[in-house]
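Asker: let me see the structure of the following:
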Amino acid sequence: MSAGSLIEEGTDIHLDFSKLKQAVENSGEIIPAVAQDVETKEILMLGYVNRESLEYAQQNRVATFWSTSRNELWVKGKTSGEFLDLVETRVNCEQNSILYLVRLRSTGACHTKEENGDFRLSCYYRKINKRKLEFC
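Answerer: The predicted structure is shown next:
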């Protein structure tokens, strides 16, 4: 299994505590953006937005993020087809994160897939249990 597969499909914990520092150093001014299903309230994913991606999302009514790894605009679903239609954007009390309330256009929000080949509904498909990851 590749390193990426071990992180995405494995049961060992490899939390990346340096992600935020790297993201800010590489991408500049960004804030966290959570995507939540407007109907089920399921948390689907976490990304980051800058002014450009937030403006694009508001104008085009589709969840849009700033890719901290590619340092470019990331329209969720543009390559996978798993678009998240934007219903509403909320801002937290300190105005340092946003919540996208979205409607799934297809079956999932995560770039990883179930054994049957379908995209996973949410990026939060494992839980910590006795210092190991367990699939929900």
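
Asker: helices along the chain, start to end?
Answerer: In the chain, the helices defined using DSSP state H lie at 3-9, 19-27, 51-60.

Asker: highest mean neighbour count out of these?
Answerer: Most buried of the helices of the chain, by mean neighbour count (mean count of other CB atoms under 10 Å): helix 51-60, with a mean of 15. Any C-beta I mention is one placed from the backbone N, CA and C, and that applies to glycine too.

Asker: for that helix, name the packing helices and strands.
Answerer: On a contact count with 3 or more CB pairs under 8 Å, 6 or more residues apart in numbering; DSSP states H and E, helix 51-60 meets strand 64-67, strand 72-75, strand 84-91.

Asker: mind putting those into TSV with distance to Arg120, mean pLDDT and mean neighbour count?
Answerer: Putting those into TSV (distance: least, CB to CB, whole Å; pLDDT from 0 to 100; neighbours: other CB atoms under 10 Å) gives the following:
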stretch	distance to Arg120	mean pLDDT	mean neighbour count
strand 64-67	17	96	23
strand 72-75	18	96	16
strand 84-91	14	98	16
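
Asker: any chance of a markdown table for these, columns distance to Glu25?
Answerer: Formatted as a markdown table, the helices and strands packed on helix 51-60 follow (distance: least, CB to CB, whole Å):
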| stretch | distance to Glu25 |
| --- | --- |
| strand 64-67 | 14 |
| strand 72-75 | 16 |
| strand 84-91 | 25 |
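
Asker: with respect to Arg103, which of the ones you listed lies nearest?
Answerer: Of all those, it is strand 84-91 that lies closest to Arg103, at 4.6 Å by CB to CB.

Asker: how far is the closest one from where the chain is centred?
Answerer: Taking the mean of its C-alpha atoms, strand 84-91 sits 13 Å from the chain's own mean (CA atoms, centre = their mean, to the nearest Å).

Asker: my read: Phe119 touches Arg105, true?
Answerer: No. Counting by CB atoms under 8 Å, Phe119 sits too far from Arg105 to count as a contact (11.4 Å).
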